[in-house]
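Enquirer: Output the structure for:
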Amino acid sequence: MSVCQDTYNDFARELYDVATRNDARTSYIPGANAIISPISVQTSLMLAFVGAAGRTENELRTGLKLGPGDRQEIAKSYHDFWTQLCNYGNKMTLKSVNRLFVNHKLQLQHEFKELAEDYFHSQPMPLNFADATKATQQINAFVEQATENKIRDLLQPDAVNAETSAILINALYFKGLFQKPFMPESTMPDDFYLEQNKRVTVDMMYQEDKFKYAELPELSARAVALPYVDSDISLLILLPNKICGLQELERRLPNLSLVSLDQHMRTEDVEIALPKFSIEYDLDLKDTLQQASRSCSAMRLI
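Expert: Numbers count the residues shown, from 1 in each chain. You can find the predicted model right below:
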């Protein structure tokens, strides 16, 4: 058995649906910007899965949609997926870095350490969580290095204490160039709608060229794919037909098949207006994952 592409897509749809649901008991505020990486969440929990047993193993297997197969088969499938995904030239960087920081008083099973190192390139690192300041400094330094200094001070000292068993970290770093870049001279101020009757002036990037495009009447939206240089990776943009129709679009996303969408898209002349933006977002995954899986999972690594 191998973890297929549908596994990642199904988990991503479910996580996004719960994380942005209006009635979700999370830190998400309807109407606010949000950015999440389902593959990062799934990767971290897959590392937990290979060290789990009993009820925890079953709950993680179900929640991550892993299906049958033993730990080594699933870990190898994950490794093969990322090896293929991250194999690009000098014009693109995509890497997923995992690390398990574990309480120095605990002893990890040899089988788990082998799987973590062989398939996740992650050697568990013992830390003295009782020294919270030093422990979080070491974790933050790892994250900062893994993300080319983009993510700093991920954890505050009060995030850990002497009772902390382990901290799972996944850092996903991506840097790429569009095959058809937006030109600086085609960037100009324009209106961007925050609400139906509320708009702000932003720097809007413009271009007209041939892109993969599709009308999606079932979603009341349109889709366009912006490919990156030296890869088969694209930025897929879904635009609701209605101004401020994003929440309605999000409610319909669980029924969207990304595979079917890709097959449906055709190369057409497209005019694109894309605002320049940056997003920072925090999400408490505990409530989110409990709602997504309808169960509460805990690691058992010792």
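Enquirer: Any idea how many residues pack against the closest residue to M92 other than its chain neighbours?
Expert: Excluding the flanking residues, the one nearest M92 by Cβ to Cβ, 6 or more residues apart in numbering is G176, at 4.3 Å. In this view, the C-beta of every residue, glycine as well, is placed from N, C-alpha and C. Using other Cβ atoms under 10 Å, G176 is surrounded by 18 other residues.
Enquirer: With V202 instead?
Expert: Neighbours around V202, by other Cβ under 10 Å: 13.
Enquirer: same check, this time on Y16
Expert: Y16 has 18 nearby residues by other Cβ under 10 Å.
Enquirer: separation between it and S40?
Expert: Going from Y16 to S40 by Cβ to Cβ, to the nearest Å gives 13 Å.
Enquirer: which residues of the stretch 1-150 of the chain fall in helices?
Expert: 5-19, 38-49, 54-63, 71-85, 110-120, 132-146 (DSSP state H, counting those that start in this stretch).
Enquirer: Strands of the stretch 201-302 of the chain, start to end?
Expert: 221-227, 234-240, 266-275 (DSSP state E, counting those that start in this stretch).
Enquirer: Throw those strands into TSV and include mean pLDDT and distance to R21, thanks.
Expert: TSV is the format used below for these (pLDDT from 0 to 100; distance: least, Cβ to Cβ, whole Å):
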stretch	mean pLDDT	distance to R21
strand 221-227	96	18
strand 234-240	94	17
strand 266-275	96	25
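Enquirer: center of the protein - which residue?
Expert: Residue closest to the mean C-alpha point of the chain, counted by Cα atoms, centre = their mean, is S37 at 1.1 Å.
Enquirer: quick one: that residue and L172 touch, right?
Expert: Yes: using Cβ atoms under 8 Å, S37 is in contact with L172, at 5.2 Å.
Enquirer: low pLDDT regions in this structure?
Expert: 1-6, 22-31, 87, 89, 293-302 (pLDDT under 70).
Enquirer: One more pass at 80, please.
Expert: Within the chain, the stretches with pLDDT under 80 are 1-8, 20-32, 84-91, 254-255, 283-284, 286-287, 290-302.
Enquirer: Now do the domain split for it, please.
Expert: Listed by automatic domain parsing, the domain ranges of the chain are 5-176+280-293, 184-275.
Enquirer: winner for burial among those domains?
Expert: domain 5-176+280-293 (a mean of 16; mean count of other Cβ atoms under 10 Å).
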